[in-house]
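Enquirer: everything below, folded, please.
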Amino acid sequence: MGNATKVSYFILSAYFDTGVFKYLYFTIIMSLYLLIICANVLLIVVICVNRSLHEPMYLFLCSLFVNELYGSTGLFPFLLVQILSDIHTVSVPFCFLQIFSLYSYVCVEFFNLAVMSYDRYLAICYPLQYNTSMTFNKVAMLIFVTWFFPFLAIVVLLSLTSPLQLCGNIINKVYCGNYSIVKLACSDTRVNNIYGLIYTVISIIIPLLLILYTYMKILKVCFSGSQQTRQKAVSTCTPHLASLLNFSFGCCFQILQSRFDTSSVPNMLNILLSLYFLTCQPLFTPVLYGLKMSKIYVICKRLLCGEV
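Expert: Next comes the predicted model:
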């Protein structure tokens with residue numbers, strides 16, 4: 001056990017001197033952030049103001065777009081400040097605030113995707129009972145659980161991490177991560193590791209299993225159903241599956257980086273892999289659904305072209 005020290009700030013050691021290129025990186029990150037804001041806000045407004053889109057599927061999509069805005073806001077302003085700064089440090093309270101934001105974003109994303117797959121399962125497998133099964137109260141309850149449980153889970157996670165006695169303050173990342181802080185601890189971290197495993201199972205594994213189960217049922221109905229049923233399934237499920245695969249691969253990169261030594265990997269590649277699911281998903285999701293969901297695409301096209 002090392003000597004515990006009072007830590008008031010963390011040093012983010014993954015940053016490196018980019019010289020004059022830092023202004024180029026700043027411009028790229030700022031442009032990406034503005035695109036994310038514009039794309040997600042546009043689709044949120046489209047869903048909210050059009051009564052024809054006040055259906056469960058689109059309400060869950062609206063929740064998804066709100067989460068993309070929430071997650072990207074927890075990262076991009078921080079990245080922009082760090083890119084222009086010569087000293088890459090972050091205070092302990094802000095570090096924990098960022099962990100809360102990013103980790104809850106990930107959890108809400110998986111929960112939201114699981115709820116959306118359940119909605120598609122009911123719509124395709126039980127179309128006649130869909131309207132009576134997916135009532136407004138049930139939709140509201142599912143959205144509430146999608147947001148409330150992740151926030152509660154992260155509060156517990158941080159309440160276990162914050163009392164730890166730390167032997168250092170250097171985090172080898174470009175943003176704060178819970179496991180990166182746990183690795184700095186001098187005190188016993190068995191409870192943190194056990195809860196971290198439970199949190200991963202509940203927030204990632206269980207939603208993925210639910211999605212797998214619903215899609216097995218959907219495929220079974222598609223193979224035995226009519227061509228119209230198959231077309232409906234393909235049109236509504238393709239963007240959902242693409243979004244799920246993109247986000248899952250990004251999370252896998254992040255988990256592997258956190259748990260294993262990646263010092264042999266080039267620094268720039270490490271940074272890009274760690275940022276992938278936090279930067280690509282918020283932009284990928286609205287663009288994908290905006291293009292693939294015909295009702296949203298038509299309304300967006302009318303708005304952008306100035307048609308009534």
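
Enquirer: and Tyr289, what does it touch?
Expert: By CB atoms under 8 Å, 6 or more residues apart in numbering, Tyr289 lies in contact with 43, 61, 239, 243, 296. Using the backbone N, CA and C atoms, a C-beta is placed for each residue, glycine as well.

Enquirer: if we use 10 Å, what do you get?
Expert: 39, 43, 58, 61, 64-65, 239-240, 242-243, 296-297 (CB atoms under 10 Å, 6 or more residues apart in numbering).

Enquirer: any idea how far Leu42 is from it?
Expert: 11 Å (CB to CB, to the nearest Å).

Enquirer: any regions of the chain where pLDDT drops low?
Expert: By pLDDT under 70, the weakly predicted segments of the chain are 1-5, 225, 229, 258-265, 292, 303-308.

Enquirer: just the helices in it please.
Expert: 21-49, 56-73, 76-84, 92-125, 130-133, 136-161, 178-182, 190-200, 206-224, 227-259, 267-292, 294-305 (DSSP state H).

Enquirer: and these as a markdown table, adding distance to Ile170?
Expert: Putting these into a markdown table (distance: least, CB to CB, whole Å) gives the following:
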| stretch | distance to Ile170 |
| --- | --- |
| helix 21-49 | 21 |
| helix 56-73 | 25 |
| helix 76-84 | 15 |
| helix 92-125 | 12 |
| helix 130-133 | 52 |
| helix 136-161 | 16 |
| helix 178-182 | 9 |
| helix 190-200 | 19 |
| helix 206-224 | 33 |
| helix 227-259 | 15 |
| helix 267-292 | 15 |
| helix 294-305 | 45 |
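
Enquirer: which one of those helices lies closest to Tyr9?
Expert: Comparing these by their distance to Tyr9 (CB to CB), the top pick is helix 92-125, with 6.4 Å.

Enquirer: which positions in the closest one come out as buried?
Expert: 92, 95-125 (16 or more other CB atoms under 10 Å).

Enquirer: still on that earlier bit, which residues are common contacts for Tyr289 and Leu42?
Expert: In contact with both Tyr289 and Leu42: 65, 296, using CB under 10 Å, 6+ apart.

Enquirer: need the contact list for the closest residue to Phe110 other than its chain neighbours.
Expert: In space, Phe110 comes closest to Pro207 once its chain neighbours are excluded; the distance is 4.2 Å by CB to CB, 6 or more residues apart in numbering. Neighbour list for Pro207: 107, 109-115, 117, 146, 244 [criterion: CB under 10 Å, 6+ apart].

Enquirer: and the residue nearest the centre of the chain, what is it in contact with?
Expert: Relative to the mean C-alpha position of the chain, the nearest C-alpha, by CA atoms, centre = their mean, is the one of Val106, at 3.7 Å. Taking CB under 10 Å, 6+ apart, we find Val106 in contact with 67, 71, 150, 154, 203-204, 247, 250-251, 254, 277-278, 281.

Enquirer: what's the spacing between it and Ile36?
Expert: From Val106 to Ile36 the distance is 16 Å (CB to CB).

Enquirer: circling back: and the contacts of Pro207 as JSON lines, adding distance to Val221?
Expert: Converted to JSON lines, those look like this (distance: CB to CB, whole Å):
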{"residue": "Cys107", "distance to Val221": "30"}
{"residue": "Glu109", "distance to Val221": "26"}
{"residue": "Phe110", "distance to Val221": "24"}
{"residue": "Phe111", "distance to Val221": "24"}
{"residue": "Asn112", "distance to Val221": "23"}
{"residue": "Leu113", "distance to Val221": "20"}
{"residue": "Ala114", "distance to Val221": "19"}
{"residue": "Val115", "distance to Val221": "19"}
{"residue": "Ser117", "distance to Val221": "14"}
{"residue": "Thr146", "distance to Val221": "25"}
{"residue": "Leu244", "distance to Val221": "19"}
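
Enquirer: quick one: which of those residues is nearest Arg230?
Expert: Using CB to CB, the contacts of Pro207 come closest to Arg230 at Ser117, 17.2 Å.
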